[in-house]
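Student: can't give you the sequence, but here's the structure:
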């Protein structure tokens, strides 16, 4: 997260801010939900373990993590905790066989009342647009539970294609090569404003 620790991304429906220690209690409440843990392939952590995880992510150089805020709620009084609806992540790696730089993407809209409003779609579009403009990437990748039809459709709408299935993990891998044509498509999908962020 060192890459985005001072960066705020603004869209129309959502605002993305770095994952800070003050966000941990609400995030921990979300992750106490077994269904969310199953869909995100996450382990249950104690609150103190969640704080340690946030700190390790904060110091990591190969991850980008943003908390997703509902823009309308955030605009009322700049209360990030009240506006929190989910998170989005990129895990960066270099594939030595192909010499490609890959970003594995994740999106979670944890608040049930926030689902189906386009927050996840815009948050992921903002994250991808930011990453492809700030980093030297060749491809985005996602790994999605086979039963997560909403996420599978979402990434299909981003022109990702299925490249593999691992039955033992009940997981589908989808990829999107970053091409000039795709960047043109992405630019038409979302307007991104980048601002400086201070905690």
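Tutor: Happy to help now that I have it. Here the structure is a predicted model, which is why all the values come from computation and not from measurement.
Student: contacts for stretch 95-112 next, please.
Tutor: Stretch 95-112 is contacted by residues 27, 30, 33, 36, 39-40, 64, 68, 84-94, 115, 119-120, 123-124, 127-128, 131, 135-143, 151, 154 when judged by CB atoms under 8 Å, 6 or more residues apart in numbering. Backbone N, C-alpha and C define where each C-beta goes, glycine included.
Student: one more time with 6 Å, if that's ok
Tutor: Residues outside stretch 95-112 that contact it (CB atoms under 6 Å, 6 or more residues apart in numbering): 30, 36, 40, 85-94, 115, 119-120, 124, 131, 136-142.
Student: ok, now stretch 27-34?
Tutor: 36, 47, 50, 110.
Student: for residue 164, see how far away the last one is.
Tutor: Distance of residue 110 to residue 164, computed by CB to CB, to the nearest Å: 27 Å.
Student: and what of residue 62?
Tutor: Applying CB to CB to residue 62 and residue 164 gives a distance of 22 Å.
Student: all strands of this structure, in order?
Tutor: Ranges of strands in the chain, per DSSP state E, are 7-10, 14-18, 63-70, 84-95, 100-109, 139-145, 161-166, 171-177, 193-196.
Student: any chance of the ones you listed in JSON lines, plus mean neighbour count?
Tutor: What follows is the strands of the chain, written out as JSON lines (neighbours: other CB atoms under 10 Å):
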{"stretch": "strand 7-10", "mean neighbour count": "19"}
{"stretch": "strand 14-18", "mean neighbour count": "26"}
{"stretch": "strand 63-70", "mean neighbour count": "25"}
{"stretch": "strand 84-95", "mean neighbour count": "19"}
{"stretch": "strand 100-109", "mean neighbour count": "20"}
{"stretch": "strand 139-145", "mean neighbour count": "20"}
{"stretch": "strand 161-166", "mean neighbour count": "12"}
{"stretch": "strand 171-177", "mean neighbour count": "18"}
{"stretch": "strand 193-196", "mean neighbour count": "11"}
